[in-house]
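Chemist: got a structure for you, letters missing:
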Ligand SMILES: Nc1ncnc2c1ncn2[C@@H]1O[C@H](COP(=O)(O)OP(=O)(O)OP(=O)(O)O)[C@@H](O)[C@H]1O
Ligand SMILES: [Mg+2]
């Protein structure tokens, strides 16, 4: 038993060190990226600078992702949030990236969540669907105990035997299906972390649309 406790301490120390290092690297990168953005703003507009700007923006989002993961997303105060409005905003963002998106909501929409973190959680799921599918259905449902949000898509889905693995940081399914620019494999890990920090959970299933169904459930 003592050996086991010692092993657990060693693993915890290692995870701690890795998180600290990830936070440090992300922080340094963000500093340089900020400078980069300022320099880009001074260049004349054109297709080349437009492409550079998109890349810098994407890097910025990745770095923010690493930072929020390393941070564990704590610190934000829970506030009553209109989840109906909130889902419609996320749906509109997905629409803009070209995915056909519907949003429905049933029940009393005001729920106490940590708004930025919860938005990141749902947005990560919808961004995934937008990457792999053409059609997305976002549905919110609130009853006396739970807020349930499902994100359905008509993409390739995830085989049942890999539905645990995809929550591991940096885990991505085969590159062949990742048609456009690659992500970092952190989206689902972050989303699950946020759901759990709200006392809830995320699960994956087959979608009636033919692709993946992701269900987020948090107590209200
Ligand atoms: N809606 C989906 N349909 C099909 N496969 C999915 C879907 N969502 C996630 N996946 C698979 O799960 C993997 C992990 O997803 P996750 O969001 O954690 O990482 P990512 O999207 O690859 O990168 P990041 O979110 O960090 O930009 C993806 O690489 C993809 O293979
Ligand atoms: Mg993702």
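Modeler: All right, it came through fine. Small disclaimer: the values here were computed from a predicted structure and weren't measured. Ligands and ions are numbered 1, 2, ... in the order given.
Chemist: So this structure: which segments form each domain?
Modeler: Using automatic domain parsing, the domain ranges for the chain come out as 2-71, 79-219.
Chemist: Using a markdown table, please lay out those domains together with distance to ligand 1 and mean pLDDT.
Modeler: Heads up, the C-betas are built off the backbone N, CA and C, glycines and all. Output for the domains of the chain, formatted as a markdown table (distance: least, Cβ to the nearest ligand atom, whole Å; pLDDT from 0 to 100):
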| stretch | distance to ligand 1 | mean pLDDT |
| --- | --- | --- |
| domain 2-71 | 6 | 82 |
| domain 79-219 | 2 | 91 |
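Chemist: Please identify the deepest-packed of these.
Modeler: domain 79-219 (a mean of 17; mean count of other Cβ atoms under 10 Å).
Chemist: Quick check: next helix or strand after the top helix by length along the chain?
Modeler: Selection of the longest helix in the chain by residue count, based on DSSP state H, yields helix 2-42. Downstream of helix 2-42, the next assigned helix or strand under DSSP states H and E is helix 47-71.
Chemist: Mind giving me the packing neighbours of that following helix?
Modeler: On a contact count with 3 or more Cβ pairs under 8 Å, 6 or more residues apart in numbering; DSSP states H and E, helix 47-71 meets helix 2-42, helix 187-197.
Chemist: Taking helix 187-197 as reference, get the angle to it.
Modeler: Counting by axes from the mean of the first three to the mean of the last three Cα atoms, to 10 degrees, helix 47-71 lies at 40 degrees to helix 187-197.
Chemist: Quick check: next helix or strand after helix 47-71?
Modeler: Counting by DSSP H and E, what follows helix 47-71 is strand 79-82.
Chemist: Return the list of helices and strands in contact with that following strand.
Modeler: Contacts defined by 3+ Cβ pairs under 8 Å, 6+ apart place strand 79-82 against strand 110-113, helix 115-132.
Chemist: Noted, bye for now.
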